[in-house]
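In: Prediction below, plus the sequence it came from.
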Amino acid sequence: MTKLKTGIGGFDELIGGGIEPGSRNILYGPPGTGKTVFAMQFLWNGLQQGETVAYDVMDKPFTRLLAYFKSFGWNIEPYIENGRFIAIQAFPHFPPYLKDPRVIYFRLDDFEEMKRIDKMLSEKGVTRFAAGDFSEHFFALYDIKYMEPVEDWTINWCHYDNIVNIDIVTAAAQKDVTTQRALDLDLNKAHNIFLFRFNEEKCQRELRIVKMEGCDHPLGWIPFKITSKGIELIKE
């Protein structure tokens, strides 16, 4: 099966050509370390390949996300109009502020609604799906008995419908037992795990492939920078 390229120069070569369809991927690390940019660049590259992509714009008003994409030269509005960029949002929406007509809103605690939306995305031919930015504490808000079938459904959904699923998870500065248990569930069920950090000593962002199935990949930290064109690896 053809892997889906991230669009990050040099990185795809490190991981055997890209990310395998049908996989559940976690981008994990502190705020500001490049996780969301990685996910956005991955979706943008899919659009350039003629694919249909979707984004759960969890933590941002949709117009803010559009501006974030545009700041890298990635104008997703034409793809929204032709149905190749599908936006959904589980983030709470409050009156009197109007909902964006370009976004499909839903509640994450409604499992049946979540499954219905996932199947709708499959029927529209989505090949890449990103969700977040989730805080670790967010997962702890839900009972572990509820989250486990949600995780299992997500794995089944992306596997059988050949979708690369990416969750962006921001590390909490402090964790209690409930938060750690919820994170453990998320990480243990993922096929691929990418850690992000800010190296204070070298004053640079770095990522590390902790787990990735079916390919050779480096174990050490990989330095990168965020430019006006997205993520670029730093050659040392």
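Out: Nice, thanks for sending it over. Residues are numbered from 1 along each chain as shown.
In: For this protein, just list every one of the strands.
Out: With DSSP state E, the ranges of strands along the chain come out as 24-29, 52-56, 85-89, 103-105, 126-135, 164-170, 192-199, 204-211, 222-227, 230-233.
In: ok and the longest one relative to strand 164-170, angle-wise?
Out: Spelled out, it's strand 126-135. Our comparison of strand 126-135 with strand 164-170, counting by axes from the mean of the first three to the mean of the last three C-alpha atoms, to 10 degrees, yields an angle of 10 degrees.
In: Report the distance from strand 126-135 to the chain centre.
Out: 4 Å (C-alpha atoms, centre = their mean, to the nearest Å).
In: which strands and helices sit next to it?
Out: Where contact means 3 or more C-beta pairs under 8 Å, 6 or more residues apart in numbering; DSSP states H and E, strand 126-135 is packed against helix 35-48, strand 52-56, strand 164-170. From N, CA and C alone the C-beta is placed, and that goes for glycine too.
In: show me where pLDDT drops low in the protein?
Out: Applying pLDDT under 70 to the chain flags residues 1, 59, 136-142, 182.
In: For the lengthiest helix in it, buried residues please.
Out: Longest helix of the chain, by residue count under DSSP state H: helix 144-160. By neighbour count on 16 or more other C-beta atoms under 10 Å, the buried set for helix 144-160 is Met147, Val150, Glu151, Thr154, Ile155, Trp157, Cys158.
In: From the contact counts, what lies against that helix?
Out: Contact here means 3+ C-beta pairs under 8 Å, 6+ apart; on that basis helix 144-160 packs against strand 24-29, helix 111-123, strand 164-170, helix 177-189.
In: Distance to Val37 added to the strands of the chain, as JSON lines?
Out: Formatted as JSON lines, these follow (distance: least, C-beta to C-beta, whole Å):
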{"stretch": "strand 24-29", "distance to Val37": "10"}
{"stretch": "strand 52-56", "distance to Val37": "13"}
{"stretch": "strand 85-89", "distance to Val37": "17"}
{"stretch": "strand 103-105", "distance to Val37": "21"}
{"stretch": "strand 126-135", "distance to Val37": "11"}
{"stretch": "strand 164-170", "distance to Val37": "10"}
{"stretch": "strand 192-199", "distance to Val37": "10"}
{"stretch": "strand 204-211", "distance to Val37": "10"}
{"stretch": "strand 222-227", "distance to Val37": "6"}
{"stretch": "strand 230-233", "distance to Val37": "6"}
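In: Dump those into JSON lines; add mean neighbour count as well.
Out: What follows is the strands of the chain, written out as JSON lines (neighbours: other C-beta atoms under 10 Å):
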{"stretch": "strand 24-29", "mean neighbour count": "23"}
{"stretch": "strand 52-56", "mean neighbour count": "24"}
{"stretch": "strand 85-89", "mean neighbour count": "21"}
{"stretch": "strand 103-105", "mean neighbour count": "17"}
{"stretch": "strand 126-135", "mean neighbour count": "22"}
{"stretch": "strand 164-170", "mean neighbour count": "25"}
{"stretch": "strand 192-199", "mean neighbour count": "19"}
{"stretch": "strand 204-211", "mean neighbour count": "18"}
{"stretch": "strand 222-227", "mean neighbour count": "16"}
{"stretch": "strand 230-233", "mean neighbour count": "19"}
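In: Quick one: closest of the ones you listed to Glu13.
Out: strand 230-233 (9.8 Å; C-beta to C-beta).
In: Show me what the closest one packs onto, helices and strands only.
Out: The elements that strand 230-233 packs onto, with contact taken as 3+ C-beta pairs under 8 Å, 6+ apart, are helix 35-48, strand 222-227.
In: possible to save these as a markdown table with distance to Ser135?
Out: Output for those, formatted as a markdown table (distance: least, C-beta to C-beta, whole Å):
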| stretch | distance to Ser135 |
| --- | --- |
| helix 35-48 | 12 |
| strand 222-227 | 21 |
